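Trainee: how would this look folded up:
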Amino acid sequence: MIRALWANIDYVASVVLFLIGLYAVIAKNNLIKKFMGINIMETAVFALIISVGTVRHGSPPIMGAGARAPFINPLPQALILTGIVVAVSTTALALSLIIRIYRQCGTIEADELRRLE
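Mentor: As a prediction, this is how the structure comes out:
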């Protein structure tokens, strides 16, 4: 059991990181902490996709004189790069909305915002 976990430590780390982010989203009351939990979950998904797309002893997918199989799939890296760009823009938008909520309501605690409705 321990040997299997150690052999797949990157998957285990991704799941643990995702669960930490999920805990922050569910248990925390502050909007910034909730959004930090969402960012941690995004990072866990990025790490999982990169670890799934890794090929041991793979070579770059460039055909030529020194090309040898197996080739590394460039699609996971492209997807993660796109995901990081989307995550950064989403973070900027969410933080600006949280600032706007604080200026208008005077708090960023979720239970207090529910009472204000």
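
Trainee: longest helix of this protein?
Mentor: Under DSSP state H, the helix in the chain containing the largest number of residues is helix 75-105.

Trainee: how about the contacts made by residue 36?
Mentor: By Cβ atoms under 8 Å, 6 or more residues apart in numbering, the contact list for residue 36 reads residue 24. C-beta: built from backbone N, CA, C; applies to glycine.

Trainee: and what of residue 77?
Mentor: Listed by Cβ under 8 Å, 6+ apart, the contact set of residue 77 reads 50, 53.

Trainee: just residue 55 next, same as before
Mentor: Per Cβ under 8 Å, 6+ apart, neighbours of residue 55: 70-73.

Trainee: closest one of those residues to residue 25?
Mentor: Within these, the smallest distance to residue 25 is 31.0 Å, found for residue 73 (Cβ to Cβ).

Trainee: how many residues are close by the closest one?
Mentor: Residue 73 has 14 neighbouring residues, counting by other Cβ atoms under 10 Å.

Trainee: OK, contacts around it?
Mentor: Listed by Cβ under 8 Å, 6+ apart, the contact partners of residue 73 are 53, 55, 61.
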